[in-house]
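Peer 1: missing the sequence, but the structure's below:
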Ligand code: GLN
């Protein structure tokens with residue numbers, strides 16, 4: 001069967017969603033507890049993948065990959081616990097599900113934080129130390145042109161909003177981009193995990209989402 005032919009999976013026998021989409025179509029979720037969810041859903045759709053807002057464990061079970069959006073990492077953590085998603089999400093990450101975290105999502109993926117709120121926890125998935133609100137008051141929000149490894153040669157216009165940066169990375173972590181003014185690390189990949197300090201969903205340039213959807217396709 002060619003990749004463009006549809007397959008149907010019986011919902012009752014497999015417990016998975018019925019599928020009438022082409023086999024090459026992957027479902028990419030956006031954690032929809034808080035933050036800029038709609039913009040990521042739009043960007044996923046633009047890559048040709050199927051977007052799905054994820055608020056419940058049953059929805060998490062449906063996705064082939066997940067985006068954790070920007071927002072407020074302390075709030076996202078509390079809501080993850082309330083919605084009983086923290087455990088299932090850790091399990092899926094451990095099982096190899098690709099996850100992309102932008103801004104607050106990058107913070108959520110970090111193993112170590114500087115400027116952590118007192119009761120703040122993370123998913124502890126990427127071997128890196130992330131400093132919250134790192135770029136300081138005067139540059140609470142700014143834009144910069146970045147070179148992102150794996151996202152083509154053209155500069156990427158990156159939007160930073162009270163953004164973190166990565167202070168230190170472990171040996172498994174690939175540095176994909178640095179911010180030109182400070183030289184700080186602002187995009188990384190560790191195997192099936194991707195994180196950016198900026199918000200690629202806020203521009204019409206979908207190259208970072210395409211990179212992530214390709215990671216999801218490779219795993220599926
Ligand atoms: N400073 C925020 C935090 O600590 C992140 C900001 C953002 O996601 N735009 O969660």
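Peer 2: Structure received. This is a predicted model, so every value here is computed, not measured.
Peer 1: Quick one: mean pLDDT over the longest helix seen in the chain.
Peer 2: Longest helix in the chain by number of residues (criterion: DSSP state H): helix 207-219. Helix 207-219 comes out with an average pLDDT of 97.
Peer 1: Now for the closest residue to residue 79 other than its chain neighbours: which residues touch it?
Peer 2: Excluding the flanking residues, the one nearest residue 79 by C-beta to C-beta, 6 or more residues apart in numbering is residue 33, at 3.9 Å. The C-beta positions use only the backbone N, C-alpha and C, and glycine is treated the same way. Contact analysis of residue 33 by C-beta atoms under 8 Å, 6 or more residues apart in numbering lists 55, 75, 76, 79, 80, 83, 85.
Peer 1: Could you give me the buried positions within the longest helix of the chain?
Peer 2: 207, 208, 209, 210, 211, 212, 213, 215, 216, 217 (16 or more other C-beta atoms under 10 Å).
Peer 1: Among these, find me the one that's closest to residue 91.
Peer 2: Proximity of the buried residues of helix 207-219 to residue 91 (C-beta to C-beta) peaks at residue 216, which lies at 17.5 Å.
Peer 1: give the contact list for that closest one.
Peer 2: 26, 28, 49, 64, 65, 98.
Peer 1: Of the residues you listed, which belong to strands?
Peer 2: 28, 65 (DSSP state E).
Peer 1: Quickly list what residue 175 is bridged to.
Peer 2: residue 188 (DSSP bridges).
Peer 1: That one and residue 168 touch, don't they?
Peer 2: No: counting by C-beta atoms under 8 Å, residue 175 does not reach residue 168; the two are 11.0 Å apart.
Peer 1: In ChimeraX, how would I select the buried members of the contacts of residue 33?
Peer 2: Selecting only the buried entries of the contacts of residue 33 in ChimeraX, with 16+ other C-beta under 10 Å as the criterion:
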select :55,76,79,80,83,85
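Peer 1: got the contacts of residue 33 as TSV, with secondary structure and pLDDT columns?
Peer 2: Shown next, in TSV, are the contacts of residue 33 (DSSP: H, G, I helix; E, B strand; the rest coil; pLDDT from 0 to 100):
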residue	secondary structure	pLDDT
55	coil	97
75	helix	95
76	helix	96
79	helix	96
80	helix	96
83	coil	96
85	coil	97
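Peer 1: Residue numbers of the chain in contact with the ligand?
Peer 2: The chain comes close to the ligand at residues 70, 71, 72, 73, 103, 104, 107, 132, 133, 161, 162, as judged by C-beta under 6 Å from any ligand atom.
Peer 1: Filter these down to just the ones in helices.
Peer 2: 73, 104, 107.
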